[in-house]
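> any chance you could fold what I've pasted below:
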Amino acid sequence: MSAQVFEASEIPMSLWDSTHAHGRSGLPNGKLQLPVRLEEAYRQAIDDLGLQDMAGNIDDRDNGPVGDQGEDGAVEHFAKRFSGSCGRIQLYALDPHHTFKTTRNALATLFCAGTVRMLDIPLGAGAGAVALISVVAQLRAEGKPVFPKLNLDVQVVGGDHNPHQIKLAERMFRMLNPWWQEQGINVKLETMVWDVLKDESTSDLVEMWRNGLTGTVVPVIVGTNFSGFLGGPVQAGNSRRWIDEAESCLRQVFSVAAGRRATTLWIEPTDKRATQHFLPKLRKQVFERFSRIIPTDQNNPTSHALISDPIVDQGSFAARASGIHLVSSI
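The predicted model follows:
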């Protein structure tokens, strides 16, 4: 089902205050706000896990471990980076500065009604799917809803190398599911431990996703925050990056995406690892191999915005997003 054009002026104050003048150098005016129920769930999870002190460092929103760092790394990543990841995804999807140009209407079209089957890679603590679904839920929850409250089923298939990250994602899904259901969104999460460097592991993940792509189910891929690992060097001083090692596995994913004509939303930070190493290689070595999936922009645009911090009272930090939106050829 198609949706009407979703203009930046229609973004509600609960998600974006365009009039906020913060005076911070290098950031345009305006301020993002995570959906209030997402903030509440995240704060509850932080309290339950005893991570208040770690999460209270507002200067650390883009720092913390990447890759498989065991249980300690998973909880540190959750405390330090989860809210920044959610803010980045919200900035990319709502696109209040009209930087990415196509992502806001993609959100409206993909998540209007029906059944969406989303491959979320890497799943991490679930920020990709959690942020997107929560934004859609908030747009439905307004006194004058921006999105119609039609039945929507979102099937999320998530793969991550760290099983402790997967447990955190499952926790957030359980906490938010009652609210999502109130807004007519039924969400199911399927997970598996996945190694992006191993073809067999990737084949298993892709098969799990593909098995549900039947009938009118809409295929979507959400890639988030993979540059921290895949954009890094295999060895110090070596020009070869981990994405070079993962090339065959990523092609395997997008071979199915091309065949199923899936839509892809790939969202990364704006640091050099993402914009100079990971995203250019992802375009050239993976996406350009498939004629049926087309980037909506030949560059890697970046957007920046202030966002309210969900943990620190009256706190705020900068959300920064770059990304690639792929659509299917007709």
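> quick one, helices of the stretch 51-200 of the chain?
Using DSSP state H, counting those that start in this stretch, the helices found in the stretch 51-200 of the chain span residues 52-55, 70-94, 103-110, 127-141, 163-182, 199-210.
> make CSV from these and add distance to residue 22 and mean neighbour count to it.
(Glycine included, C-beta is placed from N, CA and C.) CSV is the format used below for these (distance: least, CB to CB, whole Å; neighbours: other CB atoms under 10 Å):
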stretch, distance to residue 22, mean neighbour count
helix 52-55, 22, 16
helix 70-94, 15, 23
helix 103-110, 22, 20
helix 127-141, 22, 26
helix 163-182, 28, 19
helix 199-210, 41, 17
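> as TSV, those with distance to residue 18 and mean pLDDT would be great.
Shown next, in TSV, are those (distance: least, CB to CB, whole Å; pLDDT from 0 to 100):
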stretch	distance to residue 18	mean pLDDT
helix 52-55	28	93
helix 70-94	11	94
helix 103-110	14	96
helix 127-141	16	98
helix 163-182	25	98
helix 199-210	37	98
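> looking at these, which is nearest to residue 34?
Nearest to residue 34, of all the helices of the stretch 51-200 of the chain, is helix 70-94, at 5.8 Å by CB to CB.
> just how off-centre is the closest one within its chain?
9 Å (CA atoms, centre = their mean, to the nearest Å).
> just the angle between that helix and helix 127-141, please?
On the basis of axes from the mean of the first three to the mean of the last three CA atoms, to 10 degrees, helix 70-94 is oriented at 40 degrees to helix 127-141.
> if we can go back for a sec, with distance to residue 229 added, can I get the helices of the stretch 51-200 of the chain in a markdown table?
What follows is the helices of the stretch 51-200 of the chain, written out as a markdown table (distance: least, CB to CB, whole Å):
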| stretch | distance to residue 229 |
| --- | --- |
| helix 52-55 | 21 |
| helix 70-94 | 11 |
| helix 103-110 | 24 |
| helix 127-141 | 15 |
| helix 163-182 | 12 |
| helix 199-210 | 15 |
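> which one of the ones you listed lies nearest to residue 269?
Ranked by CB to CB, the member of the helices of the stretch 51-200 of the chain that lies closest to residue 269 is helix 70-94, at 6.7 Å.
> and the residue in the chain sticking out farthest from the centre, how far from residue 273?
Ranked by distance from the centre of the chain (CA atoms, centre = their mean), the top residue is residue 237, with 30.3 Å. Taking CB to CB, to the nearest Å as the measure, residue 237 falls 15 Å from residue 273.
> go on, residue 52?
Where residue 273 is concerned, residue 52 sits at a distance of 29 Å (CB to CB).
> picking that back up, and the helices of the stretch 51-200 of the chain: which comes nearest residue 24?
helix 70-94 (14.8 Å).
> contacts only, for residue 195.
For residue 195, the contact set (CB atoms under 8 Å, 6 or more residues apart in numbering) comprises 161, 201, 202.
> shaky segments in this protein?
1-4, 60, 62-68, 330 (pLDDT under 70).
> who's in contact with the residue lying closest to residue 84 once chain neighbours are set aside?
Nearest residue to residue 84, sequence neighbours excluded (CB to CB, 6 or more residues apart in numbering): residue 61, at 3.9 Å. Listed by CB under 8 Å, 6+ apart, the contact partners of residue 61 are 80, 81, 83, 84, 309, 317.
> again, only this time at 10 Å
55, 80-85, 87-88, 307, 309, 311, 315, 317-319 (CB atoms under 10 Å, 6 or more residues apart in numbering).
> nearest to residue 28 among these?
For those, the nearest to residue 28 is residue 318 (10.7 Å; CB to CB).
> for the residue nearest to residue 311 when sequence neighbours are not counted, give me its contacts.
Closest residue to residue 311 apart from its sequence neighbours, by CB to CB, 6+ apart: residue 55 at 4.8 Å. By CB under 10 Å, 6+ apart, residue 55 lies in contact with 42-43, 45-47, 49, 61, 75-76, 78-80, 82-83, 309-312.
> sweet, I'm off.
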